[in-house]
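Participant: Take a look and give me a structure for this.
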Amino acid sequence: MVMKQTIQEITELTKFSKVTELSQTHRHSSPPRTTVNHPVKPATVTMASDAFGEAVHEGDLAKALFHVHERPLESFLHEPVDIAVVGEAGAGKSSFINALRGLREEDEGAAETGLVGGQQDPMPYRHPGLPLVTLWELPGVETPLSAPQKEPDLSHYDFFIIVGSQRFRSAHANLAHSIEGLGRRFFFVRTKVDLDLEASRRQRPGSFNEAEVLHRIWQDCDQGLRGEGVAQPQVFVVANWEPNCYNFPLLQEILKKELPAIRRQASLLRHLPMCSRILDQKQSSLMWEVWKVTLLSSLLAALPIPGLSFICTYFLFRAQLARYCKSFGLDERSLAALAWRVGQPVGELQAVREHPGVTRVPWLKLMADAASAAAILVGRWKGFTIVGCLVSAGLAFIPTYALLRKAVRYLAKDTQKVLHQALKAEGKKSM
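Facilitator: Residues are numbered from 1 along each chain as shown. Below you'll find the predicted structure:
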């Protein structure tokens, strides 16, 4: 009961949802923007997050993923989504947000365009036609020709729209890498194509072909993203002042169509803070066991029979390491079940671990146990058996405590990384 109550408290701080219904996109004024540095959502508890937290605490990672896997896509429709609009200053992010919301600059609640010096803080704008969707205009990213900028924290956002108004550049590539590293997805939007078309029409009035110009612009962005390792980039060429032309209607249609899957992926990745708190709590509770095991190991090391004390302390240490590994769900059988659940090879889950060999008995422990046995032998040979036993107990205590404590800490960190990888893999299934 105590553990369930703790899980309940943790999920109250980390799980977010709000009940509403999806409606068709329509144009109207929205509330004025508020100055907030990052998304803040109301926290509520769901049965699924409760079950997920309990399974993580029990070390059954496959069962934890099962509780989120079994939820149908429709059950995520109440999840809030924060979409970050990112790109260089002057790329047309504000105008794009207004066009996506069906507003002009003079409309109430519209994003302010043409700011001198660029945007300094993230600004939220509610989408009037997509419930629980907030568009966040982030400050312009730094480019080789721009003044130094503070890097925005992208981890607060669920989905991204990279906006560019020129050829594909290194700043776009850096953003794509950062977003994919967080396990999120993005659209790439090339704005101001109306200006490119007008320039091309003036330069080549006799051979101007609108479709060819648009295709070249699209191809430049698509090939740039593929060259950076993005497998299936979604690229749209738009003109912010003409939201009914080019790829803008397609962009709105695909965003609305994929929104349930985006909500699902956002919900899955929001389990990570809850995982961190549960694993911290589990790590703290296991530290009490470390003390008990260490004291028992010292008592066994003090046995006046050198061979028996060595064998007992050695196998106790090995058994405890294996138990901790299974308790966190990082043993071979548990990892195989988790890999099958998320459809990934076991090797990919193992690859994200920082300390895969933490459960192997280190040479320091073997040397300490050997020294403990030697202390008993020397004590008996010198006629100081009791002193030898005390020295043996002390030699066993220090390395046993230090190594078990380190193992628990490393296993908790590796479990967090494995869960992150598994949740990312699970989230991609719906995309």
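
Participant: Quickly find the element holding Phe188.
Facilitator: Taking DSSP states H and E as the definition, Phe188 sits inside strand 186-190.

Participant: My error: substitute Thr134 in the last question.
Facilitator: Thr134 belongs to strand 133-137, assigned by DSSP H and E.

Participant: just to revisit the earlier point, neighbouring contacts of the strand holding Phe188?
Facilitator: Contact partners of strand 186-190, identified using CB atoms under 8 Å, 6 or more residues apart in numbering, comprise 96, 159-165, 172, 175-176, 179, 217-218, 221, 225, 233-238, 251, 254-255. C-beta coordinates here come from the backbone N, C-alpha and C atoms, glycine included.

Participant: Any idea how many residues pack against the closest residue in space to Ala110 that isn't next to it in sequence?
Facilitator: With sequence-adjacent residues excluded and distances taken as CB to CB, 6 or more residues apart in numbering, Ala110 is closest to Leu103, at 4.4 Å. Using other CB atoms under 10 Å, Leu103 is surrounded by 20 other residues.

Participant: do you know how far Leu103 is from Pro124?
Facilitator: As for Leu103, its distance to Pro124 is 15 Å (criterion: CB to CB, to the nearest Å).

Participant: and if you look at Asp222?
Facilitator: 30 Å.

Participant: CA atoms of stretch 399-416 as PDB?
Facilitator: The C-alpha trace of stretch 399-416 is given here as PDB (Å, rounded to 0.1, in the frame of the first residue of the first chain):
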ATOM      1  CA  PRO A 399      35.100  -2.700  -0.700                       C
ATOM      2  CA  THR A 400      31.700  -4.600  -0.400                       C
ATOM      3  CA  TYR A 401      29.900  -1.500   0.700                       C
ATOM      4  CA  ALA A 402      31.500   0.800  -1.900                       C
ATOM      5  CA  LEU A 403      31.100  -1.600  -4.800                       C
ATOM      6  CA  LEU A 404      27.400  -2.500  -4.000                       C
ATOM      7  CA  ARG A 405      26.600   1.100  -3.600                       C
ATOM      8  CA  LYS A 406      28.100   2.000  -6.900                       C
ATOM      9  CA  ALA A 407      26.400  -1.000  -8.600                       C
ATOM     10  CA  VAL A 408      22.900   0.200  -7.400                       C
ATOM     11  CA  ARG A 409      23.600   3.800  -8.600                       C
ATOM     12  CA  TYR A 410      24.900   2.600 -12.000                       C
ATOM     13  CA  LEU A 411      21.900   0.200 -12.500                       C
ATOM     14  CA  ALA A 412      19.400   3.000 -11.800                       C
ATOM     15  CA  LYS A 413      21.100   5.200 -14.400                       C
ATOM     16  CA  ASP A 414      21.200   2.400 -17.000                       C
ATOM     17  CA  THR A 415      17.500   1.600 -16.300                       C
ATOM     18  CA  GLN A 416      16.600   5.200 -17.000                       C
END
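
Participant: buried stuff in it?
Facilitator: 399-401, 403-405, 407-408, 410-416 (16 or more other CB atoms under 10 Å).

Participant: Can you tell me which of those residues is closest to Pro345?
Facilitator: When these are ranked by distance to Pro345 (CB to CB), Asp414 comes first, at 17.1 Å.

Participant: now that closest one, what's its secondary structure?
Facilitator: helix (DSSP: H, G, I helix; E, B strand; the rest coil).

Participant: Surely it and Gly357 touch.
Facilitator: No - using CB atoms under 8 Å, Asp414 is not in contact with Gly357, being 10.7 Å away.

Participant: hmm, back to that, pull up the pairing partners for the strand holding Thr134, direction included.
Facilitator: Strand pairing for strand 133-137, determined by DSSP bridges: strand 81-87 (parallel), strand 123-126 (antiparallel).

Participant: what mean pLDDT does that strand have?
Facilitator: The pLDDT scores in strand 133-137 average 93.

Participant: rewinding a little: between the buried residues of stretch 399-416, which is closest to Gly92?
Facilitator: Gln416 (38.6 Å).

Participant: mind listing what that closest one touches?
Facilitator: Going by CB under 8 Å, 6+ apart, the list of residues near Gln416 reads 272, 275-276, 279.

Participant: hey, where'd the helices end up in the stretch 201-350 of the chain?
Facilitator: Assigned by DSSP state H, counting those that start in this stretch, the helices in the stretch 201-350 of the chain fall at 210-227, 248-269, 271-301, 306-328, 332-342, 346-351.

Participant: closest to Phe66 out of the ones you listed?
Facilitator: Judging these by CB to CB, what sits closest to Phe66 is helix 332-342, at 6.3 Å.

Participant: how about the CA coordinates for that closest one, as CSV?
Facilitator: The C-alpha coordinates for helix 332-342 follow below in CSV (Å, rounded to 0.1, in the frame of the first residue of the first chain):
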residue,chain,number,x,y,z
GLU,A,332,19.2,-10.9,-19.8
ARG,A,333,15.7,-12.4,-19.6
SER,A,334,14.0,-9.1,-18.7
LEU,A,335,15.8,-7.2,-21.4
ALA,A,336,14.9,-9.9,-24.0
ALA,A,337,11.2,-9.5,-22.9
LEU,A,338,11.4,-5.7,-23.2
ALA,A,339,13.1,-5.9,-26.6
TRP,A,340,10.3,-8.2,-27.9
ARG,A,341,7.7,-5.8,-26.5
VAL,A,342,9.0,-2.7,-28.3
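
Participant: Adjust the sequence numbering to begin at 129 for everything that follows.
Facilitator: With the count now opening at 129, the last piece we talked about shows up as helix 460-470.

Participant: which other helices and strands contact that helix?
Facilitator: helix 189-197, helix 474-479, helix 513-556 (3 or more CB pairs under 8 Å, 6 or more residues apart in numbering; DSSP states H and E).

Participant: any chance of those helices in CSV, with mean pLDDT and distance to Glu240 too?
Facilitator: Listed next are those as CSV, based on pLDDT from 0 to 100; distance: least, CB to CB, whole Å:
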stretch, mean pLDDT, distance to Glu240
helix 189-197, 80, 39
helix 474-479, 86, 45
helix 513-556, 73, 34
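
Participant: for those helices, which one sits closest to Arg312?
Facilitator: From the helices and strands packed on helix 460-470, taking CB to CB, the stretch that ends up closest is helix 513-556, at 8.9 Å.

Participant: so where's the stretch 379-528 of the chain shaky on pLDDT?
Facilitator: 425-441, 486-525 (pLDDT under 70).

Participant: let's go with 90 and repeat that
Facilitator: Scanning the stretch 379-528 of the chain for pLDDT under 90 picks out 386, 388-453, 458-460, 466-528.
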